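Novice: Please work out how this folds:
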Amino acid sequence: MVYSIRMRAAKGGPHEQGGSHISGAERLVSLESLSRISEEFLQRALQHSKGRPDFINLQIDEIPDESIVKVPALTVATTESSTIKESHRVATQLLQQAHIHEQAIQSAFTKLSQNTESVSGAWLVNAITGEVYPQTVRVSRMDAESDADIHRHLQHFGCSSVHSREALILASKVLASPFVLGELCWSDDPDYTTGYVSYSTTYHRLSPMKVYGSPIGGRAFFITEEAPLDTLLQYFTSTPTWVTTKGLHHV
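Specialist: Numbering: from 1, shown residues only. Take a look at the predicted model:
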């Protein structure tokens, strides 16, 4: 049996009551790992660089094995630039390769750059028109099928940090939807300036995407015009997902 464990931490009360987002994390774990991961999540919430939260929600749900779907892990690329402007230029070029229109890319950059409220969740952006939908979405119930395999996968591409692991797993689940053309993200963690673009079969790390010390960040999913929002939101939030490296071959 597998358990979904989810943590959200905020300051000033729960997110739904206007609290400022501090930290969040998601895992699918065995019963044997549940206590250890729960403690890790609590310590992560309490020791975050954005400050001490006054609200922590830790939710644990039992997940039937047969309900879990598998999606392939994205391959990994990294571009280190000398300036934020250059990183943003590379991100724009990559998203254009995924047939995402200029106005949509600019809408996403504007949202992320002005996210002073630290919205918990991702914006949905129409990949053609650039319309930003009113609801945000938090992707849940996902993990690596094998910790050892995902670690080897990341090491092959020269990265193995916790940030990279979590971003790869989330991006892989999101890009597995036929209604998502790409994602733009950089962290609201003040100490972490690396962001990424995901498109096609690639999770492309980019640094720097913001000024060190800035608490402003977020993520945007570029969706097709015909995307059925209810179906897409259900997949993001509720479909248990293993990200697997099975069938991926490194040369």
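
Novice: what pLDDT does A25 get?
Specialist: The score at A25 is 88. That number is its pLDDT.

Novice: give me every residue that touches it.
Specialist: R6, M7, F41, R44, E166 (Cβ atoms under 8 Å, 6 or more residues apart in numbering). The C-beta positions use only the backbone N, C-alpha and C, and glycine is treated the same way.

Novice: cool, S35 as well?
Specialist: Here S35 is in contact with no residue (Cβ under 8 Å, 6+ apart).

Novice: tell me which element it is part of?
Specialist: S35 is part of helix 34-46 when elements are defined by DSSP states H and E.

Novice: Alpha carbons of that helix, as CSV, please.
Specialist: Only the C-alpha atoms of helix 34-46 are listed here, as CSV (Å, rounded to 0.1, in the frame of the first residue of the first chain):
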residue,chain,number,x,y,z
LEU,A,34,5.8,7.4,6.4
SER,A,35,7.2,8.5,9.8
ARG,A,36,10.5,9.5,8.4
ILE,A,37,9.1,11.6,5.5
SER,A,38,6.6,13.2,7.8
GLU,A,39,9.4,14.4,10.1
GLU,A,40,11.4,15.6,7.1
PHE,A,41,8.4,17.6,5.9
LEU,A,42,7.8,19.2,9.3
GLN,A,43,11.5,20.2,9.7
ARG,A,44,11.4,21.6,6.1
ALA,A,45,8.5,23.8,7.0
LEU,A,46,9.9,24.9,10.3
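
Novice: which parts of that helix are buried?
Specialist: Neighbour-count burial for helix 34-46 flags I37, S38, E40, F41, R44, A45 (criterion: 16 or more other Cβ atoms under 10 Å).

Novice: cool, and stretch 90-104?
Specialist: For stretch 90-104, by 16+ other Cβ under 10 Å, it's A91, T92, L94, L95, A98, I100, H101, A104.

Novice: and which of those residues is nearest to L175?
Specialist: Nearest to L175 among these: A98, at 9.6 Å, using Cβ to Cβ.

Novice: pretty sure that closest one contacts T202?
Specialist: No: using Cβ atoms under 8 Å, A98 is not in contact with T202; the gap is 9.6 Å.

Novice: Please identify the pairing partners of whichever helix or strand comes after the helix holding S35 and their relative orientation?
Specialist: Next along the chain after helix 34-46, taking DSSP H and E as the criterion, comes strand 55-63. Looking at strand 55-63 with DSSP bridges, its partner strands are strand 2-11 (antiparallel).
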